[in-house]
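Engineer: next come a sequence and a model predicted from it.
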Amino acid sequence: MKYVKIRRGKMDSRMAEEYKSLRTNIQFCGADKKVIMLTSCTPNEGKSTTSLQLAISLAELGKRTLLVDADLRRSVLVGKLVVEGGETLGLTHFLSGQAELQDVRYATDVPNLHIINSGPFPPNPAELLSGELFQQAVEAFRDVYDYVIIDTAPLGTVIDAAIVAKVCDGAVMVIEAGGVNYRFVQDTVSQLEKSGCPFLGVILNKVDSKKLEYGRYGKYGKYGKYGGYYGDYYGSSSNSGESGSAKASARPKSQTPPKPKAQAAQKASAPQKAGSRPSGGKRTPAPQNRAGEQK
Ligand SMILES: Nc1ncnc2c1ncn2[C@@H]1O[C@H](COP(=O)(O)OP(=O)(O)OP(=O)(O)O)[C@@H](O)[C@H]1O
Ligand SMILES: [Mg+2]
């Protein structure tokens with residue numbers, strides 16, 4: 001198997017802790033949740049960043065992990081890879097019959113982590129993902145890996161993620177804090193559920209760390225009410241070395257995970273109800289347009 005290095009940004013200890021919490025929460029979803037996809041309503045909410053960090057975090061725990069970049073329209077993973085010896089082959093090479101599965105998988109400098117890059121942008125991404133080859137590949141991965149993390153395109157914009165969802169054991173929504181109208185999130189989650197894929201929860205991303213501090217010091221007392229109602233937070237994660245203001249949290253739909261350490265921060269940062277009911281209101285300013293290609 002060929003080998004690539006992953007360019008990793010700096011991450012402070014708080015962020016690293018949040019990713020560990022997310023990892024724990026994913027593990028608590030159950031042993032049958034091996035193939036997990038991440039999607040969002042709109043572009044740029046942090047799916048790829050979170051997918052990569054989650055995959056690294058699982059691999060660091062000793063889990064055999066595969067990260068698949070199935071966002072065939074806009075890959076960012078390739079930009080994070082240092083490849084020796086020229087161009088990498090990707091998922092689209094395999095799905096279009098130009099390469100074998102073993103040729104598009106790469107070992108990385110993170111022990112236990114393999115990756116599949118998306119490959120060149122194809123004219124027919126949805127068709128490629130709905131073909132038998134993709135399904136067969138995912139089935140083959142189940143025997144080899146403890147976790148397969150699949151990064152996808154935003155479901156609120158294009159249909160691809162719903163197609164991918166059909167072969168996954170669970171789906172997680174990455175939501176940019178304050179960036180998406182809660183109805184849009186509800187619609188997107190319904191669409192996900194129609195594919196038959198269990199919805200595991202949300203990751204609230206790009207949370208303003210100043211607000212976390214307010215929560216911590218009790219200035220925003222009103223957030224306290226979430227502490228009781230949402231006391232079973234599933235966890236939290238924040239990502240990327242680019243910003244110190246990241247905070248995210250994810251909770252499963254039906255399980256009761258251990259309480260996270262940073263309770264106050266989560267009260268302020270993740271007032272969504274388990275199973276896709278973000279609080280809306282003050283945290284979801286403007287409705288988003290469903291721009292671009294539609295289902
Ligand atoms: N928690 C965070 N804090 C600050 N910046 C972040 C955070 N998460 C992601 N970003 C930044 O937001 C931008 C978009 O991130 P990313 O590419 O992961 O989003 P995406 O949802 O995969 O986008 P797309 O829909 O285009 O695939 C990047 O510049 C990334 O560095
Ligand atoms: Mg992406």
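Structural biologist: Cool, the structure landed. Residues are numbered from 1 along each chain as shown. Ligands and ions are numbered 1, 2, ... in the order given.

Engineer: quick check: phi and psi on residue 160?
Structural biologist: When read as degrees, to the nearest 10, the backbone of residue 160 gives phi -50, psi -40.

Engineer: ok, it - contacts?
Structural biologist: Applying Cβ atoms under 8 Å, 6 or more residues apart in numbering to residue 160 gives the contacts 70-73, 125-126, 129, 152-153. Backbone N, C-alpha and C define where each C-beta goes, glycine included.

Engineer: now intersect these with the strands, please.
Structural biologist: Among these, the subset assigned to strands under DSSP state E is empty.

Engineer: residue 65 is in contact with residue 144, correct?
Structural biologist: No: with contact defined as Cβ atoms under 8 Å, residue 144 does not reach residue 65; the gap is 10.5 Å.

Engineer: which of the two has more residues huddled nearby?
Structural biologist: Counted by other Cβ atoms under 10 Å, residue 144 and residue 65 do not tie: residue 65 has more neighbours, with 24 against 11.

Engineer: tell me how far that one lies from residue 23.
Structural biologist: Distance, residue 65 to residue 23, by Cβ to Cβ, to the nearest Å: 10 Å.

Engineer: mutual contacts of those two, please.
Structural biologist: Both residue 65 and residue 23 are in contact with residue 58, where contact means Cβ under 8 Å, 6+ apart.

Engineer: mind pulling the model confidence for residue 23?
Structural biologist: Residue 23 is assigned 96 on the pLDDT scale.

Engineer: isn't it right next to residue 58, touching?
Structural biologist: Yes: using Cβ under 8 Å, residue 23 is in contact with residue 58, at 5.6 Å.

Engineer: identify each buried residue in stretch 182-195, please.
Structural biologist: By neighbour count on 16 or more other Cβ atoms under 10 Å, the buried set for stretch 182-195 is 182, 184-185, 187-189, 191-193, 195.

Engineer: restricting to C-alpha, output that stretch in PDB.
Structural biologist: What follows is stretch 182-195, C-alpha atoms only, in PDB (Å, rounded to 0.1, in the frame of the first residue of the first chain):
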ATOM      1  CA  TYR A 182     -33.300  25.100  12.500                       C
ATOM      2  CA  ARG A 183     -36.000  24.200  10.100                       C
ATOM      3  CA  PHE A 184     -33.400  23.700   7.500                       C
ATOM      4  CA  VAL A 185     -31.700  21.300   9.800                       C
ATOM      5  CA  GLN A 186     -34.900  19.500  10.500                       C
ATOM      6  CA  ASP A 187     -35.600  19.100   6.800                       C
ATOM      7  CA  THR A 188     -32.100  17.900   6.200                       C
ATOM      8  CA  VAL A 189     -32.300  15.300   9.000                       C
ATOM      9  CA  SER A 190     -35.600  14.100   7.700                       C
ATOM     10  CA  GLN A 191     -34.100  13.600   4.400                       C
ATOM     11  CA  LEU A 192     -31.300  11.600   5.900                       C
ATOM     12  CA  GLU A 193     -33.700   9.500   7.800                       C
ATOM     13  CA  LYS A 194     -35.600   8.700   4.700                       C
ATOM     14  CA  SER A 195     -32.500   7.000   3.400                       C
END
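
Engineer: please state the offset of it from the chain centre?
Structural biologist: Averaging C-alpha positions (Cα atoms, centre = their mean, to the nearest Å) puts stretch 182-195 16 Å from its chain's average.

Engineer: that stretch close to ligand 1?
Structural biologist: No: judged by Cβ under 6 Å from any ligand atom, stretch 182-195 and ligand 1 are separated, with a smallest distance of 12.9 Å.

Engineer: next: stretch 137-151.
Structural biologist: No: on the criterion Cβ under 6 Å from any ligand atom, stretch 137-151 is out of touch with ligand 1, staying 6.7 Å away.

Engineer: does that stretch reach ligand 2?
Structural biologist: No: Stretch 137-151 stays clear of ligand 2 (Cβ under 5 Å from the ion), getting no nearer than 5.9 Å.

Engineer: for that stretch, give the mean pLDDT please.
Structural biologist: On average, stretch 137-151 scores 97.

Engineer: correct me if wrong: residue 141 contacts residue 149.
Structural biologist: No: with contact defined as Cβ under 8 Å, residue 141 does not reach residue 149; the gap is 10.6 Å.

Engineer: higher neighbour count, the two?
Structural biologist: residue 149 (30 against 22).
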